[in-house]
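**Student:** only geometry, no sequence info:
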Ligand SMILES: C[S@@+](CC[C@H](N)C(=O)[O-])C[C@H]1O[C@@H](n2cnc3c(N)ncnc32)[C@H](O)[C@@H]1O
């Protein structure tokens, strides 16, 4: 039942690509989510200063936290390209603005920042760093989120993300069960990873505990 409804709704919004032709202006920049993004990146990534950096955020939703990521990576480079990819960018809020239009607002004055309403599998090129906050590693949250089941492909997505990676990928999972599944995926795909344990931030406390992993091109498999 879930899937039929999700398929139908997803088809409608992706085909219609409804847009108010502008970004939503009735939004505020949310200090907490950006503080949270900045804080968790500061806790988990160690970077050398370099001229150019290319970073990908996977499953950006409306990318409310883009500014926190931008602020973090800009400390370490002169030229930053920060790309966000979201497969369900045309989902509408009750004010009839889409996630895409929210994202346009959140990134509007950030140079080098791009939001792609697309499937991760269509993203090409290589990225120095990849941030993936709350991937769907079990089916139920994906269905609750409103996506058709055909988009449940955690192995394929992880393999693809890894193929794009040059340096480090930070993955944050929600709850112990999802973290456990995430770890099994790394093992199955023979992707080297480091367990970061519970990730907490004073900036924002989420109801569900979050756990982190670092996938690094330099780390040997565990
Ligand atoms: C649980 S949400 C997390 C959103 C955001 N990262 C956050 O922390 O608020 C997962 C997001 O991944 C997106 N997603 C799922 N499969 C995807 C794919 N193949 N390509 C791009 N985005 C995808 C979903 O539409 C959803 O917005």
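**Tutor:** Looks like it arrived, so ask away. Note that the coordinates shown come from a computational prediction; the quantities given were computed from them, not determined experimentally.
**Student:** for the closest residue to the ligand within the chain, grab the count of nearby residues.
**Tutor:** Nearest residue of the chain to the ligand (C-beta to the nearest ligand atom) works out as residue 59 at 2.4 Å. C-beta coordinates here come from the backbone N, C-alpha and C atoms, glycine included. Residues within reach of residue 59, counting by other C-beta atoms under 10 Å, total 19.
**Student:** show me what contacts it?
**Tutor:** Listed by C-beta atoms under 8 Å, 6 or more residues apart in numbering, the contact partners of residue 59 are 85, 86, 87, 120, 132, 133, 134, 135.
**Student:** how far does whichever strand or helix holds residue 141 sit from its chain's centre?
**Tutor:** Taking DSSP states H and E as the criterion, residue 141 maps to helix 139-145. Offset of helix 139-145 from its chain centre (C-alpha atoms, centre = their mean, to the nearest Å): 16 Å.
**Student:** after it comes which helix or strand?
**Tutor:** Next along the chain after helix 139-145, taking DSSP H and E as the criterion, comes helix 154-164.
**Student:** go through that following helix and flag the buried ones.
**Tutor:** Using 16 or more other C-beta atoms under 10 Å as the test for burial, helix 154-164 gives 154, 157, 158, 160, 161, 162, 164.
**Student:** same deal with stretch 130-147?
**Tutor:** For stretch 130-147, burial by neighbour count (16+ other C-beta under 10 Å) applies to 130-138, 141-143, 147.
**Student:** could you dump these to a markdown table with distance to the ligand and pLDDT?
**Tutor:** Shown next, in a markdown table, are the buried residues of stretch 130-147 (distance: C-beta to the nearest ligand atom, whole Å; pLDDT from 0 to 100):
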| residue | distance to the ligand | pLDDT |
| --- | --- | --- |
| 130 | 12 | 98 |
| 131 | 8 | 98 |
| 132 | 7 | 98 |
| 133 | 4 | 98 |
| 134 | 4 | 98 |
| 135 | 7 | 98 |
| 136 | 6 | 98 |
| 137 | 10 | 98 |
| 138 | 11 | 97 |
| 141 | 7 | 95 |
| 142 | 7 | 96 |
| 143 | 12 | 94 |
| 147 | 6 | 96 |
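**Student:** now for those, which pair is the farthest apart?
**Tutor:** 130 and 143 (25.0 Å; C-beta to C-beta).
**Student:** hang on, the earlier thing: any idea which of the contacts of residue 59 is closest to residue 74?
**Tutor:** Of those, the one sitting nearest to residue 74 (C-beta to C-beta) turns out to be residue 133, at 18.9 Å.
**Student:** verify the stated contact: that closest one with residue 169.
**Tutor:** No - taking C-beta atoms under 8 Å as the definition, residue 133 is not a contact partner of residue 169, at 11.4 Å.
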